[in-house]
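>>> curious how this folds, go ahead:
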Amino acid sequence: MDKIEIRDGLYITSDRCVYYSQKDVIILSDFHLGLEASLKGEGFSLPRFQKNEILGRLSTIFDKYSPETVIVNGDFKHEFGKNRREEFNEIIDVIEFIRGRSELILIRGNHDNFLKSITEKRGIVFYEDFIDLDDITLTHGHKDLPEYDFLIIGHEHPSLKIRDEMGAFIKIPCYMFNKSRNLLILPAFSPLSEGRDMIRASNFISDSLRDEKISEFRIYAVTESGLMDFQTIKNIREAYPDMI
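Sure thing, here's the model as predicted:
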């Protein structure tokens with residue numbers, strides 16, 4: 001499936017983004033631009049492909065949905081400290097790509113230090129904590145959560161880790177959705193942020209989710225064939241105990 005409607009006008013998609021048709025808005029999270037440069041500074045050498053991969057994915061999204069607005073729900077950049085030159089250039093390139101096609105709104109994530117200095121010079125709306133779209137609240141997820149009717153967060157980088165009989169494994173990015181709690185967790189948009197295996201996780205990263213039960217969340221995996229509904233984590237653990 002290319003997309004699944006989880007409530008009126010709100011679709012999770014196989015493009016690692018949410019489309020909210022009522023406002024003609026695309027919602028994404030966790031680009032982590034500049035990650036390769038940050039790793040290089042730590043002594044790791046990686047081919048520089050993330051920015052081009054992100055631009056390609058964004059191009060596909062614009063072709064499919066032609067959104068009026070794009071909202072990045074935190075961690076647009078990666079480096080905690082001041083902007084490295086490589087990171088700064090990537091940020092500008094992606095900003096200009098999006099703004100050439102739609103309005104861009106950014107919400108602060110825990111990695112987005114010094115991002116405001118860039119957004120202010122370019123007249124980009126930058127929210128420090130959260131934004132409301134009708135009764136939907138968007139916030140990154142690293143802080144205490146605001147009161148909400150329906151919440152969308154990022155930050156967790158959820159994934160499924162699947163092994164074959166030989167012990168090889170792949171990680172598949174996924175959405176996590178708890179319908180009874182009206183809480184949706186987005187996959188990371190960065191191709192380098194492979195994610196955290198939620199089947200084996202005992203708790204969430206964010207302290208603000210400390211009272212949420214991982215086992216009650218439903219998993220929608222993002223595969224090359226589209227979205228796959230894996231039911232709840234509790235169902236997966238019971239059906240495939242060797243995955244734990």
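>>> hmm, residue 26 and residue 65 touching each other?
Yes. The pair residue 65 / residue 26 is scored as a contact, 6.0 Å apart, by C-beta atoms under 8 Å. C-betas here are computed from N, CA, C, even on glycine.
>>> which of those two has more neighbours?
For residue 65 versus residue 26, the count of surrounding residues by other C-beta atoms under 10 Å is larger for residue 26: 25 against 20.
>>> what's the neighbour count on the spatially closest residue to that one that is not a sequence neighbour?
Once flanking residues are discounted, residue 26 sits nearest to residue 67: 4.2 Å by C-beta to C-beta, 6 or more residues apart in numbering. Counted with other C-beta under 10 Å, residues neighbouring residue 67 total 22.
>>> and if you look at residue 221?
Count around residue 221 with other C-beta under 10 Å applied: 20.
>>> and it, that one's in a helix?
No. Assessed with DSSP: H, G, I helix; E, B strand; the rest coil, residue 221 is strand; it does not lie in a helix.
>>> ok, and the helix or strand in this protein with the lowest average confidence?
Here the helix or strand of the chain ranked lowest by mean pLDDT, DSSP states H and E is helix 35-41, holding a mean of 57.
>>> circling back to that earlier point, who touches both of residue 65 and residue 26?
residue 19 (C-beta atoms under 8 Å, 6 or more residues apart in numbering).
>>> may I have the strands that pair with the top strand by length along the chain, each with its orientation?
In the chain, with assignment by DSSP state E, the single longest strand is strand 169-178. Sheet pairing of strand 169-178 (DSSP bridges) gives strand 158-163 (antiparallel), strand 183-185 (antiparallel), strand 218-223 (antiparallel).
>>> the chain: helices as residue ranges?
Using DSSP state H, the helices of the chain run over 35-41, 50-65, 85-99, 116-122, 233-239.
>>> which intervals of this protein have sub-threshold pLDDT?
35-49, 80-84, 164-167, 243-244 (pLDDT under 70).
>>> run through the residues that contact residue 176.
156, 158, 184-185, 198, 217-219.
>>> could you give the bridge partners of it?
Beta-bridge partners of residue 176, as defined by DSSP bridges: residue 185, residue 219.
>>> could you do residue 12 as well?
Here residue 12 shows beta-bridge partners residue 4, residue 18, assigned using DSSP bridges.
>>> in contact with it, which residues?
Contacts of residue 12 (C-beta under 8 Å, 6+ apart): 3-4, 6, 18, 175, 177, 184, 220, 227.
>>> again, only this time at 7 Å
3-4, 6, 18, 175, 220, 227 (C-beta atoms under 7 Å, 6 or more residues apart in numbering).
>>> for those residues, which one is nearest residue 58?
residue 18 (14.3 Å; C-beta to C-beta).
>>> hang on, that closest one packs against residue 25?
No. Judged on C-beta atoms under 7 Å, residue 18 makes no contact with residue 25 at a distance of 8.4 Å.
>>> can you give me the neighbour number for the residue nearest to residue 53 when sequence neighbours are not counted?
With C-beta to C-beta, 6+ apart as the criterion, residue 53 has its nearest non-adjacent residue at 4.6 Å, and that residue is residue 191. When neighbours are counted by other C-beta under 10 Å, residue 191 registers 18.
>>> go on, residue 22?
11.
>>> distance of the closest residue to it other than its chain neighbours from residue 105?
Nearest residue to residue 22 in three dimensions, chain neighbours excluded: residue 9, at 4.3 Å (C-beta to C-beta, 6+ apart). According to C-beta to C-beta, to the nearest Å, residue 9 and residue 105 sit 18 Å apart.
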